[in-house]
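[1] Return atomic coordinates for the entry below.
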Amino acid sequence: MSMLSTLLKSADRAPRSSVTRMIALVLAVATPLLVAGVAVSAFSNTAEGATGAPNLPAAIVNLDATTKTLVNGVETTVPAGKLLTTQLISGQAGSGFSWKLTNADDATAGLDSGAYSAVVTIPSNFSELYVSTGTTSPAAASLEVKTNGAQSYVAALLASALATNVNEALSASVTQSYVKGLLGGFTSIHDQLTTTAEKSGELVTVAGQVSTLGAGMADGIGKLSGGAETLSSGLEKASTSLAPLPDATRGLAELAGVARDGSALLSDGITDTAKKQDSIEARQLELNVKIAALSTDLPKLSTAEVASRVAAIKKLSDDVALSSLDVGLSLDAGAVAGALLKDGNALISKGTTTLADSMPALVTGIAGAATGAAGLTSGLQQLNGYAPQLVQGTAGVASGVGTLSSGLGSAAAAVPSYTADQQATFATVVATPVVTTVTDSQALPSAQVATASVMIPVALWLGAFALYLLLTPFTAQALSSSAGGWRILRQSLLPALGLAVVQALAVIVGLQLIGVSSANPLGSALFVLGLSVAFVVVHQGLIALFGRVGRMLSLAFLVLQVAAAGVLVPAALSPGWFQTLSSILPLSAAVRGMQGLLTGAGSDGGAAIGGVVVTLVVVTGLGLAFTLVAISRRRSVTSLS
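    Numbers count the residues shown, from 1 in each chain. Predicted coordinates:
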């Protein structure tokens, strides 16, 4: 406690030259410039967007395989991944980022090192799922946005905002395409219904033509019916006229027999008229033959032929009668026979007269039958003329009905029908066509943890700085004593280390009270304790070696280290030399170690924290060396004076 009191009462009264004092004054005046310059220079390597705002570097890994789909009936290749890449690089969806198309290995390495603030990975089936909104089985496409919260919590938040922007942009694009396709479907239905209406009009025209042809056919059928009736009537009359002919011909045959008997009697009674009798017999024989032939052929003969034969028979019969009368005048027996022949001839004459009376009715019936046949032929010809046209018209009606059916079928097919589940799926996919998954390789669980991982090292650095605003690195009495440099260092450092431990414990307890949880509580507590000790040793060395200038250097290093650690800006926006300093400066290393312990560090976190510990040990050694050098120099100056 006495040593602490001595350190508090002792001032940094080492003699200074005028040059040293002038340098200290210049540095004091230039401190704001140094702090502002360091902070502003952190943006010297940033790309700017159209608004002049800096763009975060980000990588695109396009693993998408193109797919094919039908567009207006034509198979079209859809490179949705390439289109998304173009939209991110040159469109509004990726604004705020400077994009680089790269492979998966480079993207992972860049994300771990801080070269990229975010990595967007487009999966291999992105195009296939993207175009599925036009199918009956839509599915949302997936997209992965990966960040590294350990490099910059702000960059991780911006990357999350990027995912939202990409979703909104792609949703708008897909919705526009879906509505365009929907309107195109309505247009197609309109065209098909228009065609159907036109074909319906043609169908009405053809149906009218078929109706006209049907009327013509009905007229022809009427004529055909009339002709058939006339033919039936004529045939009926002919049948009535021909009915008595068989009876009449049978009477003629009997009369011919009687005449033959009379002729035989005349032949027996009259011997002197043999020649005449022979002639009469010959004629009678001829008459018999003709009458028998007429009786046999009557069903086959026409009316004219029947009339002709009857006339010939009548003439031959008259000749026989005259010859018989001539013979009867000279023969007594011939008188009796002649009387018989006369009676027979009278009967024959009566039969032929009856046949002749039937002939006009027969001729009339046959004429009526001919007229009916002519009408029947005319009707058939008319029907034959209309038949091809009717066939053509019927074919036209059938074609029109087929076209109408096809058009209505196409229109019906163009109007999709969905189940309730399909409707729900379509609504979800069209509203959110792309599901973006945001992952963090070293995620910080909350903004509170993100702030703590940065502010704990900064607070401990400022705590060490505050201690050495009150404490002197060593006392003048210690320098004038015979103690060695290490002993002086130990005696002057132990009180400061005690205060450093108190600061560390206060921070640990305060974090617990605030509610900042750690994935590794014991490791975090030990790390905070180590940071406090290391920063006190560093500040002792700076103040011991450089005096008041050391305090200004501490402030300048504070800003430099905070910028290099990616606190003010993401590390990816800083120039290369800033990122190099980030790996060796104590405060930057402390921030990385604190993030690793609070978040669980990840798969390679142990090695990373080990590197941070090595850096802090080296910096602590430098602080001790600075103090030893300062003790040696002060003793040399004192001895010379």
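[2] how about the strands in the stretch 1-150 of the chain?
    47-48, 54-62, 67-71, 74-78, 97-101, 118-122, 141-147 (DSSP state E, counting those that start in this stretch).
[3] Among those, which comes closest to V528?
    V528 lies closest, by Cβ to Cβ, to one member of the strands of the stretch 1-150 of the chain: strand 141-147, at 26.3 Å. Backbone N, C-alpha and C define where each C-beta goes, glycine included.
[4] List the neighbouring strands of that closest one plus their orientation.
    strand 118-122 (antiparallel), strand 434-440 (parallel) (DSSP bridges).
[5] follow-up on the earlier one: if you average pLDDT over each of the strands of the stretch 1-150 of the chain, which is lowest?
    Of all those, mean pLDDT reaches its minimum on strand 47-48 (a mean of 50).
[6] Now L616: which helix or strand?
    Assessed by DSSP states H and E, L616 sits inside helix 605-640.
[7] ranking the strands of the stretch 1-150 of the chain by burial, who's on top?
    For these, the largest average neighbour count (mean count of other Cβ atoms under 10 Å) is found in strand 118-122, namely a mean of 24.
[8] how far off strand 54-62 does that one point, in degrees?
    Interaxial angle of strand 118-122 relative to strand 54-62 (axes from the mean of the first three to the mean of the last three Cα atoms, to 10 degrees): 30 degrees.
[9] Can you report how many residues lie near the residue lying closest to V533 once chain neighbours are set aside?
    Spatial nearest neighbour of V533, chain neighbours left out: A500 (5.3 Å); criterion: Cβ to Cβ, 6 or more residues apart in numbering. Residues near A500, counting by other Cβ atoms under 10 Å, number 25.
[10] Just checking, which helix or strand of the protein averages the lowest pLDDT?
    Taking mean pLDDT, DSSP states H and E as the measure, the helix or strand of the chain with the lowest value is strand 47-48, at a mean of 50.
[11] For stretch 511-526, measure first residue to last.
    End-to-end distance of stretch 511-526 (Cα to Cα, to the nearest Å): 14 Å.
[12] Show me what the mean pLDDT comes to for the helix or strand hosting E286.
    Using DSSP H and E, E286 falls within helix 274-297. The average of the pLDDT scores along helix 274-297 is 68.
[13] one step back: I'd like the strands of the stretch 1-150 of the chain as JSON lines, with distance to P495 appended.
    JSON lines is the format used below for those (distance: least, Cβ to Cβ, whole Å):
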{"stretch": "strand 47-48", "distance to P495": "50"}
{"stretch": "strand 54-62", "distance to P495": "46"}
{"stretch": "strand 67-71", "distance to P495": "73"}
{"stretch": "strand 74-78", "distance to P495": "73"}
{"stretch": "strand 97-101", "distance to P495": "51"}
{"stretch": "strand 118-122", "distance to P495": "48"}
{"stretch": "strand 141-147", "distance to P495": "45"}
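[14] out of those, nearest to L129?
    Closest approach to L129 among the strands of the stretch 1-150 of the chain (Cβ to Cβ): strand 141-147, 3.8 Å.
[15] send the alpha carbons of that closest one over as CSV?
    What follows is strand 141-147 as a C-alpha-only set of coordinates in CSV (Å, rounded to 0.1, in the frame of the first residue of the first chain):
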residue,chain,number,x,y,z
ALA,A,141,-36.3,-21.8,-54.7
SER,A,142,-33.6,-21.6,-52.0
LEU,A,143,-30.8,-19.2,-51.6
GLU,A,144,-28.1,-19.1,-48.9
VAL,A,145,-26.6,-15.9,-47.6
LYS,A,146,-23.6,-16.5,-45.3
THR,A,147,-22.0,-13.9,-43.1
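[16] quick one: G596 and I609 touch, right?
    Yes: between G596 and I609 there is a contact under Cβ atoms under 8 Å: 5.1 Å.
[17] Please say which of these two ends up with more neighbours.
    More neighbours surround G596 than the other of G596 and I609, with 26 against 21 (other Cβ under 10 Å).
[18] Just list what the host helix or strand of that one packs against, helices and strands only.
    Element membership for G596 (DSSP H and E) is helix 586-599. Contact here means 3 or more Cβ pairs under 8 Å, 6 or more residues apart in numbering; DSSP states H and E; on that basis helix 586-599 packs against helix 447-470, helix 521-546, helix 548-564, helix 605-640.
[19] avg pLDDT for the shortest one?
    Average pLDDT, helix 548-564: 76.
[20] And for stretch 528-542?
    93.
[21] hang on, isn't I609 packed against Q595?
    No: using Cβ under 8 Å, I609 makes no contact with Q595, being 9.8 Å away.
[22] so where's the stretch 501-641 of the chain uncertain?
    Scanning the stretch 501-641 of the chain for pLDDT under 70 picks out 563-583, 600-608, 637-641.
[23] can you give me phi and psi for P79?
    Dihedral pair for P79: phi -90, psi 70, per degrees, to the nearest 10.
[24] Show me the domain layout of the chain.
    As assigned by automatic domain parsing, the chain contains the domains 2-41+444-640, 48-191+421-440, 234-411.
[25] pLDDT below threshold where in the stretch 351-500 of the chain?
    351-447.
[26] quick one, the helix holding L616 and helix 447-470 angle?
    Between helix 605-640 and helix 447-470, the angle comes out at 10 degrees (the same axes, to 10 degrees).
[27] Which other helices and strands does helix 605-640 contact?
    Applying 3+ Cβ pairs under 8 Å, 6+ apart, one finds that helix 605-640 contacts helix 476-480, helix 485-514, helix 521-546, helix 586-599.
[28] Mind listing what's buried along the second one?
    This means helix 485-514. Buried residues in helix 485-514, counted by 16 or more other Cβ atoms under 10 Å: 485, 488-489, 491-493, 495-496, 499-500, 503-504, 507-508, 511.
[29] Show me what it is packed up against.
    Packed against helix 485-514 by the contact rule (3+ Cβ pairs under 8 Å, 6+ apart) you find helix 2-9, helix 447-470, helix 476-480, helix 521-546, helix 605-640.
[30] repeat that for 6 Å
    Here helix 485-514 touches helix 2-9, helix 447-470, helix 521-546, helix 605-640, going by 3 or more Cβ pairs under 6 Å, 6 or more residues apart in numbering; DSSP states H and E.
[31] Between the two ends of stretch 81-98, how far is it?
    18 Å.
[32] right, and the residue nearest to V533 touches V536 too?
    Yes: assessed by Cβ atoms under 6 Å, A500 is found in contact with V536 at 4.2 Å.
[33] Which stretch among the helices and strands packed on helix 605-640 approaches A141 most closely?
    Closest approach to A141 among the helices and strands packed on helix 605-640 (Cβ to Cβ): helix 586-599, 30.4 Å.
[34] Leaving out the residues flanking it, which one is nearest to A459?
    V507 (6.6 Å).
[35] H539 versus the one you found, what's the distance?
    For V507, the distance to H539 (Cβ to Cβ, to the nearest Å) stands at 17 Å.
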